[in-house]
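Undergrad: got a predicted model here, sequence first, then my questions.
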Amino acid sequence: MTYKILVADDEMELLSVLELYMAKENLTLIKACDGNQAWELFLEESPHLVVLDVMMPGMDGFTVLQKIRNISKIPAIMLTARSEDYDKILGLELGADDYITKPYNPMEVVARIKAQIRRNYDYQESRAEIYKQFDLELYVEEGLVKKQGVTIELTKTEFLILRLLMEKPGRIYTKQQIYDGAWGEDYIADDNTLMVHISNLRAKIEDNPRTPLMLKTVKGLGYKFEKDVKKN
């Protein structure tokens, strides 16, 4: 599938460079040079994702994002030339999914776009699926996990990790593969974020988190969701 990406930036030379990188990834770029044009093209083209520069002629990126959020939940990435955290925080509060500081590397922009596509579209292709192992049931479409019929409250990241592991029980996933599948980001070697999420998941789904039966650590390799031998 070819995804349409609306990018609004008044620096048209940057858009031309970005277009070359996006074409290699089978992404169609819709270019807007100001906020007003971005809003018009959004209504006309129905893009799958938008990238909005904060500082643009006419409507600024924040205003365009607000108008989009009134009618759509499509992924949105903000471009900001400012180093202050205020712009980033404001963008996220208005409904942005990610931000990139200018000047940007076109490869980073494409990588961020692909990460949002994986999160928001690729995972939904099999959304009617239900994964069942042990006494757990994971409902992809509803974003629900139940243990013995009782709903377990998971964060979005916990749900994505569990979904990835339950999709192919018995398969070992490296930390890199889990980061790519759940976050759409590269693994950082000294980052213990994943370990914390795994620990929290075990506390929620295992009868005894200290001796897990389902969510196993494979020393030196990564993690796996154990197969339920009763189902074989």
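TA: Looks like it came in fine.
Undergrad: okay, now the domains of this structure?
TA: 3-123, 130-231 (automatic domain parsing).
Undergrad: so of these, which one's packed in deepest?
TA: The highest average neighbour count among those, using mean count of other Cβ atoms under 10 Å, belongs to domain 3-123 at a mean of 17. Yep, even glycine has a C-beta here, placed from its N, CA and C like the rest.
Undergrad: centre of the chain to that one, how far?
TA: 15 Å (Cα atoms, centre = their mean, to the nearest Å).
Undergrad: kindly report the same for stretch 215-225.
TA: Using Cα atoms, centre = their mean, the offset of stretch 215-225 from its chain centre is 23 Å.
Undergrad: can you tell me the element the residue at minimal distance from the centre of the chain falls in?
TA: When Cα atoms, centre = their mean is applied to the chain, the residue found nearest the centroid is residue 119 (3.7 Å). Taking DSSP states H and E as the definition, residue 119 sits inside helix 106-120.
Undergrad: show me what secondary structure element comes after that helix.
TA: Counting by DSSP H and E, what follows helix 106-120 is strand 130-133.
Undergrad: now do that following strand: distance to the chain's middle.
TA: 22 Å.
Undergrad: sheet-wise, list the partners of it with their directions.
TA: strand 136-139 (antiparallel) (DSSP bridges).
Undergrad: after the strand it pairs with, which helix or strand is next?
TA: Per DSSP H and E, the helix or strand that comes after strand 136-139 is strand 144-147.
Undergrad: roughly how far out does that following strand sit from the chain middle?
TA: 21 Å.
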